[in-house]
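[1] need a 3D model of the sequence below.
(one chain, ligands or ions: 2)
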Amino acid sequence: MSEKPVVIGVAGGSGSGKTTVTRSICQRFQDKTILVIEQDYYYKDQSHLPFEERLNTNYDHPLAFDNELLVQHIHKLVNQQPIQKPVYDYKMHTRSNEIITVEPKEVIILEGILILEDPRLVDLMDIKVFVDTDADIRIIRRLMRDIKERGRTLDSVIDQYENNVRPMHLQFVEPTKRYADIIIPEGGQNHVAIDLMATKVEKILSRNQENNI
Ligand SMILES: Nc1ncnc2c1ncn2[C@@H]1O[C@H](COP(=O)(O)OP(=O)(O)O)[C@@H](O)[C@H]1O
Ligand SMILES: O=c1ccn([C@@H]2O[C@H](COP(=O)(O)O)[C@@H](O)[C@H]2O)c(=O)[nH]1
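    Ligands and ions are numbered 1, 2, ... in the order given. Reported below is the predicted structural model:
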């Protein structure tokens, strides 16, 4: 790889469809082309805290993230160096013991609720996307996902939504929409927007190929 990787930020509220959009774009390319970095994997390590205390953390506040490490890692990837990526365990509410060595790729998609909230991350992005889905749809999607995949109960999801997710979304996530170059309504089923994003990625890759000839 001779060109510097291009960084695409995919932001949006919890349950908006960021992961689904990102996966739909990745599916159209070979594995070696796009690297996905999830901001969620950079929640601060809480292994020193008892499990009960971790339940009280506000995971929707910017201070819940170890953005120092995330900024460092994106810098390294942009400079074509490998990173030691942490892995996050949603069921245990902390990082797992696993660390994955990740090599840079031509396109890096950085995905997460608050990636547009930190100017250091915004500065590293070439394209900024905000997935914009109504709050009622987001909470329904989150309820189903968190109960099925993240080991939560109905009461705990509702409680967390009222106390943290909704207020933090209004205070910190929603205002970052103004920094986006592209706003994708409804996320995962927006095939037109996903096609446009995929075309843009194709263009970046063919430009890289032409420059390498
Ligand atoms: N357009 C859609 N229609 C139905 N379900 C969807 C759609 N987009 C996403 N989902 C589902 O909603 C949940 C949250 O979507 P996800 O992409 O994980 O959102 P985010 O990464 O923004 O939290 C997932 O279970 C996903 O399968
Ligand atoms: O330990 C944790 C860590 C995060 N969360 C919640 O996850 C979402 C962000 O993930 P999305 O995939 O964008 O939904 C965030 O709103 C946190 O509330 C958690 O509950 N526990």
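
[2] next, Thr101: secondary structure please.
    Local secondary structure at Thr101 is given as strand here, using DSSP: H, G, I helix; E, B strand; the rest coil.

[3] check the one 4 residues further on too.
    Under the three-state scheme (three-state DSSP), Lys105 adopts coil.

[4] what of Arg152?
    The three-state assignment at Arg152 reads coil, by three-state DSSP.

[5] Leu55 versus that one, what's the distance?
    As defined by C-beta to C-beta, to the nearest Å, Arg152 lies at a distance of 10 Å from Leu55. For the C-beta atoms, the positions are set from N, CA and C on the backbone; glycine is no exception.

[6] and these two? which has more neighbours close in?
    Under the criterion of other C-beta atoms under 10 Å, the comparison of Arg152 against Leu55 puts Arg152 first, with 19 against 12.

[7] not including adjacent chain positions, what is the nearest residue to that one?
    Asp146 (4.1 Å; C-beta to C-beta, 6 or more residues apart in numbering).

[8] how about the residues of the chain by ligand 2?
    Proximity of the chain to ligand 2 is assessed by C-beta under 6 Å from any ligand atom, with 14-15, 18-19, 40, 43, 59-60, 90, 93, 113, 165 identified as the residues in range.

[9] give me the neighbour count for the residue in the chain positioned nearest to ligand 1.
    For the chain, the nearest residue to ligand 1 under the criterion C-beta to the nearest ligand atom is Gly188, separated by 2.9 Å. Applying the criterion other C-beta under 10 Å, we find 19 residues in the vicinity of Gly188.

[10] got any ranges where this structure has weak pLDDT?
    The model of the chain has pLDDT under 70 over residues 2, 213.

[11] helices or strands up against the longest helix along the chain?
    Ranked by residue count under DSSP state H, the longest helix found in the chain is helix 191-212. On a contact count with 3 or more C-beta pairs under 8 Å, 6 or more residues apart in numbering; DSSP states H and E, helix 191-212 meets strand 6-12, helix 18-27, strand 107-111, strand 182-185.

[12] any residue of the last one touching ligand 1?
    This means strand 182-185. No. Using C-beta under 6 Å from any ligand atom, we find that strand 182-185 stays clear of ligand 1, coming within 10.5 Å at best.

[13] what of the longest one?
    Yes. Shown here: helix 18-27 in contact with ligand 1 (C-beta under 6 Å from any ligand atom) through 18-20.

[14] which of the residues you listed has the most neighbours?
    The most crowded member of those, judged by other C-beta under 10 Å, is Lys18 (28 neighbours).

[15] what sits against that one?
    When contacts are counted by C-beta atoms under 8 Å, 6 or more residues apart in numbering, Lys18 is found next to 10-12, 111-113, 131, 187.
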